[in-house]
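J.: need a structure here:
(one chain, ligands or ions: 1)
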Amino acid sequence: MSKYHVVTFGETMLRLSPKNNKTLEQADEFEVLCAGSESNVAVALSRLGLRSCWFSRLVNNPVGRRITNMIRAHGVDVSQVRWTDEGRNGVAFMELGAPPRSTEVVYDRAGSAASRLDPESVDWSVLKKAKHLHVTGITVALSPSCAECVTTAIARAKEDRLTISFDVNYRQKLWPPGRASEVLEPLMKEADVLFMTSDDAEDLFAIKGSAEKMVEAAAARFGTKWTVLTLGGEGAIVRAEGKTLKEAGHTVQEIDRIGAGDAFVGGFLYGYFKDDPDKALKYGLAMSALKMTTPGDLSFATLSQVLALAAGDNKSVKR
Ligand code: KDG
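T.: Numbers count the residues shown, from 1 in each chain. Purely as a prediction, here's the structure:
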């Protein structure tokens with residue numbers, strides 16, 4: 001038995017979000033959370049009962065320890081984190097929007113310890129203990145050495161016969177779309193499962209049309225076995241082994257949508273490991289909907305909640 005189902009890595013920042021729906025400008029109290037797409041996925045998987053390992057590079061100070069503690073609390077293995085005594089940990093100020101006011105994210109992450117992760121400092125033998133590697137475009141955007149880590153991880157995962165998922169996760173505050181599409185396309189083609197929002201498909205790769213047309217065009221262009229487009233409030237669509245399946249999203253009373261995409265990825269991968277595209281979509285959408293009902297990036301959903309919601313049981317009172 002492999003030690004881990006999934007290994008992933010990337011920057012996780014301290015997330016500071018104003019309390020009581022205040023804006024960043026007016027806030028006098030902040031909730032202390034963590035923000036990192038890959039650790040969000042690792043937590044989602046761990047909550048579903050899978051063994052996940054996440055690593056990054058962090059400064060060994062109270063902020064770095066707080067970040068790892070929040071992730072470890074969900075059962076994620078953080079033993080591969082590269083600790084350093086120098087530099088600083090990234091911080092993200094995240095103000096939650098309330099329509100029509102949009103969510104505002106202010107990064108304070110340039111030159112962070114995580115952005116200095118490099119392939120030589122990673123113990124890649126960790127991949128030999130895993131079945132699956134999950135990586136995202138955010139890490140590629142952080143720095144040339146982080147991009148090299150993603151390239152190295154993909155090459156090693158292929159050698160070690162792991163399956164690979166790649167989430168495009170375009171962040172406009174990190175790089176321009178033209179550069180992102182050019183750098184990401186060859187990496188996306190290496191994945192077994194590709195995740196993208198329909199907005200990213202359109203803005204980065206000019207893939208347009210109905211959801212069905214878009215997912216077929218993406219599958220043809222990137223050649224991935226399973227190609228997944230998330231459609232915001234409309235749900236998600238997958239093209240897997242020549243078939244297209246679409247599923248509507250759940251009605252949600254939204255508390256915090258940041259991290260919902262990562263929760264979707266966690267739930268979807270749970271179904272992917274069962275080789276069932278229909279269940280993958282349902283688990284992904286259930287996990288994502290449940291995540292939106294709680295504050296913070298991290299999912300607090302349980303497997304039984306996800307299975308129940310995926311099966312259509314959404315009774316509001318449980319006794
Ligand atoms: O996916 C949610 C993330 O956007 C967030 O929490 C932080 O990984 C993050 C990033 O770099 O934007």
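
J.: and the helix or strand harbouring Y283, anywhere near the ligand?
T.: Using DSSP states H and E, Y283 falls within helix 277-292. No: using C-beta under 6 Å from any ligand atom, helix 277-292 stays clear of the ligand, with a minimum separation of 10.3 Å. For glycine as for every other residue, the C-beta is placed from the backbone atoms N, C-alpha and C.

J.: so what does that helix touch, helix or strand wise?
T.: strand 226-230, strand 236-240, strand 243-247, helix 260-272, helix 303-310 (3 or more C-beta pairs under 8 Å, 6 or more residues apart in numbering; DSSP states H and E).

J.: need the winner for burial among the ones you listed.
T.: Neighbour counts (mean count of other C-beta atoms under 10 Å) averaged over each of those peak at helix 260-272, with a mean of 28.

J.: tell me the mean pLDDT for that one?
T.: Average pLDDT, helix 260-272: 98.

J.: just how off-centre is it within its chain?
T.: 8 Å (C-alpha atoms, centre = their mean, to the nearest Å).

J.: again, but for stretch 191-207
T.: 14 Å.

J.: one step back: between the helices and strands packed on helix 277-292, which one is closest to M196.
T.: strand 226-230 (5.8 Å; C-beta to C-beta).

J.: tilt between the closest one and strand 236-240?
T.: On the basis of axes from the mean of the first three to the mean of the last three C-alpha atoms, to 10 degrees, strand 226-230 is oriented at 170 degrees to strand 236-240.

J.: in a helix, T23, correct?
T.: No: assessed by DSSP: H, G, I helix; E, B strand; the rest coil, T23 does not belong to a helix; its assignment is coil.

J.: one step back: nearest approach to the ligand belongs to which of the helices and strands packed on helix 277-292?
T.: When the helices and strands packed on helix 277-292 are compared by C-beta to the nearest ligand atom, helix 260-272 sits nearest the ligand, at 4.9 Å.

J.: that closest one near the ligand anywhere?
T.: Yes: counting by C-beta under 6 Å from any ligand atom, the ligand has neighbours in helix 260-272: G261, D262.

J.: ok now do the closest residue to L142 other than its chain neighbours, which residues does it touch?
T.: Once flanking residues are discounted, L142 sits nearest to S115: 4.5 Å by C-beta to C-beta, 6 or more residues apart in numbering. Applying C-beta atoms under 8 Å, 6 or more residues apart in numbering, we find S115 in contact with E11, G90, R109, L142, S143, S145, C146.

J.: among the helices and strands packed on helix 277-292, which is nearest S56?
T.: Comparing those by C-beta to C-beta, helix 260-272 comes nearest, at 14.8 Å.

J.: for that closest one, packing partners?
T.: Looks like helix 260-272 contacts helix 37-47, strand 130-136, strand 163-167, strand 193-197, strand 226-230, helix 277-292 (3+ C-beta pairs under 8 Å, 6+ apart).
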